[in-house]
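Undergrad: Kindly return the folded structure for what I paste below:
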Amino acid sequence: MITQEENLILQSYITTSLLAELGNNQFFSSDYFKSMSFGSPGIKKFLEKNGVGNQGSAIMSLYAMLVVPYELIRNNYADEFSEMNAFLAQKTKNARTNYRDNVADSDFMYHLRNAVAHCRVSFKEGDSIGFTDSNGAKKEEKKKDFYGELPLIDLSAFIHQLQLVVQIKVIKDIQAKR
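TA: Coordinates of the predicted model:
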């Protein structure tokens, strides 16, 4: 029997995989999609124009593939999360922080998780996605901030790495319990 946490990981992974496969298989160019009617025709036009690779699906994918596992299983998969942090440390551009003296020592996974979970994400069209994390300190404390940008090409690679390093490991562990 799988736990509630494992179920949420699986469901998030499956839904994100469905979105990716719709894009991979050009679903929005299919005859089936063309025959579909939507309650709001504007949504269909948007999907035809932008497909799955839009900002909304990027945020949803990051939530499903980063925030959910980070909250539920990071303590049990510390090595995998450490590997993902190293990936982000290498790929994140224009990083700056006053959380630590050296930005390279930052917990990138933590900061990106916070940025996504608190909707502090911005897009530079066709270039990168920016992540802002702020601790919202009280008046007597110094406010701490983190900012970093992930080029869009590396965003796809990051989500793919989350799938390979974290999600697949969880799935294999679930299957091994059966």
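Undergrad: Isn't residue 84 up against residue 167?
TA: No: look at residue 84 against residue 167 with Cβ atoms under 8 Å: they stay out of range, at 11.1 Å. (Each C-beta comes from the backbone N, C-alpha and C, glycine too.)
Undergrad: Check the offset of the lowest-mean-pLDDT helix or strand in the chain from the chain's centre.
TA: Using mean pLDDT, DSSP states H and E, helix 168-177 stands out as the lowest-scoring helix or strand of the chain, at a mean of 86. Helix 168-177 sits 21 Å away from the centroid of its parent chain (Cα atoms, centre = their mean, to the nearest Å).
Undergrad: quick one: the helix ranked longest in the chain to helix 168-177, angle?
TA: Longest helix of the chain, by residue count under DSSP state H: helix 4-24. Counting by axes from the mean of the first three to the mean of the last three Cα atoms, to 10 degrees, helix 4-24 lies at 130 degrees to helix 168-177.
Undergrad: Send me helix 4-24 as PDB with only the CA atoms.
TA: Output of helix 4-24 as PDB, limited to C-alpha atoms (Å, rounded to 0.1, in the frame of the first residue of the first chain):
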ATOM      1  CA  GLN A   4      -0.600   9.500   0.900                       C
ATOM      2  CA  GLU A   5       2.700  11.300   0.200                       C
ATOM      3  CA  GLU A   6       3.700   8.700  -2.400                       C
ATOM      4  CA  ASN A   7       0.300   9.000  -4.000                       C
ATOM      5  CA  LEU A   8       0.600  12.800  -4.300                       C
ATOM      6  CA  ILE A   9       4.000  12.400  -5.900                       C
ATOM      7  CA  LEU A  10       2.700   9.800  -8.400                       C
ATOM      8  CA  GLN A  11      -0.400  11.800  -9.300                       C
ATOM      9  CA  SER A  12       1.700  15.000  -9.800                       C
ATOM     10  CA  TYR A  13       4.200  13.100 -12.000                       C
ATOM     11  CA  ILE A  14       1.500  11.400 -14.000                       C
ATOM     12  CA  THR A  15      -0.300  14.700 -14.700                       C
ATOM     13  CA  THR A  16       2.900  16.500 -15.700                       C
ATOM     14  CA  SER A  17       3.800  13.500 -17.900                       C
ATOM     15  CA  LEU A  18       0.400  13.800 -19.600                       C
ATOM     16  CA  LEU A  19       1.000  17.500 -20.400                       C
ATOM     17  CA  ALA A  20       4.400  16.700 -21.800                       C
ATOM     18  CA  GLU A  21       3.100  13.900 -24.000                       C
ATOM     19  CA  LEU A  22       0.300  16.000 -25.400                       C
ATOM     20  CA  GLY A  23       3.000  18.400 -26.600                       C
ATOM     21  CA  ASN A  24       5.300  15.700 -27.800                       C
END
